[in-house]
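A.B. asks: no sequence for this one, just the structure:
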Ligand SMILES: *Cc1c(COP(=O)(O)O)cnc(C)c1O
């Protein structure tokens, strides 16, 4: 038996006919940049999230970069980010010339711990960037309260958690401005690079729409130093097709997670995902932790099971961030997660027997 870490077979099969029709219609229209398909997807994605504005952009990293730019965050400013995030969160902060300030996550949810945020706030802090990691929404009520008290902006990195919520309110609707990614492997994936920004602030939405298109509202008249960070028409057309399936695909991910939880519950050597009281989880990733992670990963590989590590090196120990001057031991929770986490296969269409096969091999590994 072979269980890949990720398979597009089922989701691609479900949308194939509609994707081909969308392509044909796009091709016949012969309008490639910022046309009706982008407008339509922006409206649909805003409606899906119950947020008043969505601006399609080139990818998730650009979404975060533009968000910081629109808030005028720049040189000398500090932005709070989780110490166990994907590197993109930090890169966006670096691009605008601001300094990322790392804050440790909660070891049970892997999301930034609100209790640690207050201690990291200084006179230079401008914003908090919570990352809804692996598919679980951060403790947003607590984070928004801290932001309000300290007069800070909140920018959600919602690349991994489209459709998850805290206290019933969806990700991408809490922060002043929020970025998401439609990288193919994300819960809502394009057929290439794509991303979006969501916000309830009309002025910020307008600013973003101008910034992503050369800082120009009227063609060849440039108001600000902008970027080319547009969402392609073709990707928008594909995303409109796939968005209709997202609720069903999310349900399937949650079902698979329930199967894993059940099948793995008696293996005391591993730690299963844990969800904060008011949060929901859309299982972009199903992440377990094991003290013998590397051996376990190798054993599963030998038995045809693909796994990945999200992420093997925390940002403060990456070469790219040498200049921050951190060393091993500075962020012990992020380091512990990096050393022990293992993402098991999960994709819409995965069957209970696939899950049971993975669970059986994990059990065998520990019983040997
Ligand atoms: C994928 C991802 C991004 C970046 O998205 P791209 O579309 O690949 O640029 C940012 N943050 C997190 C947490 C991600 O998982």
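C.D. replies: Okay, I see it. Only a predicted model underlies this, so the values are computations on that prediction, with no experimental measurement involved.

A.B. asks: And the strands in the chain?
C.D. replies: 53-57, 78-82, 99-103, 125-128, 153-157, 165-166, 169-170, 177-181, 195-199, 216-218, 221-222, 270-271, 286-290, 341-344 (DSSP state E).

A.B. asks: of all those strands, which lies closest to the ligand?
C.D. replies: When the strands of the chain are compared by Cβ to the nearest ligand atom, strand 177-181 sits nearest the ligand, at 3.2 Å. Glycine gets a C-beta too; all of them are placed from N, C-alpha and C.

A.B. asks: if we can go back for a sec, possible to save the strands of the chain as TSV with mean pLDDT?
C.D. replies: As requested, the strands of the chain are exported to TSV (pLDDT from 0 to 100):
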stretch	mean pLDDT
strand 53-57	98
strand 78-82	98
strand 99-103	98
strand 125-128	98
strand 153-157	98
strand 165-166	98
strand 169-170	98
strand 177-181	98
strand 195-199	98
strand 216-218	92
strand 221-222	92
strand 270-271	98
strand 286-290	98
strand 341-344	98
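
A.B. asks: wait, which of the ones you listed is closest to residue 230?
C.D. replies: strand 53-57 (6.9 Å; Cβ to Cβ).

A.B. asks: is the ligand contacted by that closest one?
C.D. replies: No: Strand 53-57 lies out of reach of the ligand by Cβ under 6 Å from any ligand atom, never closer than 9.2 Å.

A.B. asks: Which positions in that strand come out as buried?
C.D. replies: Neighbour-count burial for strand 53-57, with 16 or more other Cβ atoms under 10 Å as criterion, is recorded at 53, 54, 55, 56, 57.

A.B. asks: returning to that earlier point: closest one to residue 112 among the strands of the chain?
C.D. replies: Of the strands of the chain, nearest to residue 112 by Cβ to Cβ is strand 78-82, at 4.0 Å.

A.B. asks: Go through the strands of the chain and name the closest to residue 64.
C.D. replies: Here strand 177-181 is closest among these (Cβ to Cβ), at 4.2 Å.

A.B. asks: Could you find the closest non-adjacent residue to residue 106?
C.D. replies: residue 113 (4.3 Å; Cβ to Cβ, 6 or more residues apart in numbering).
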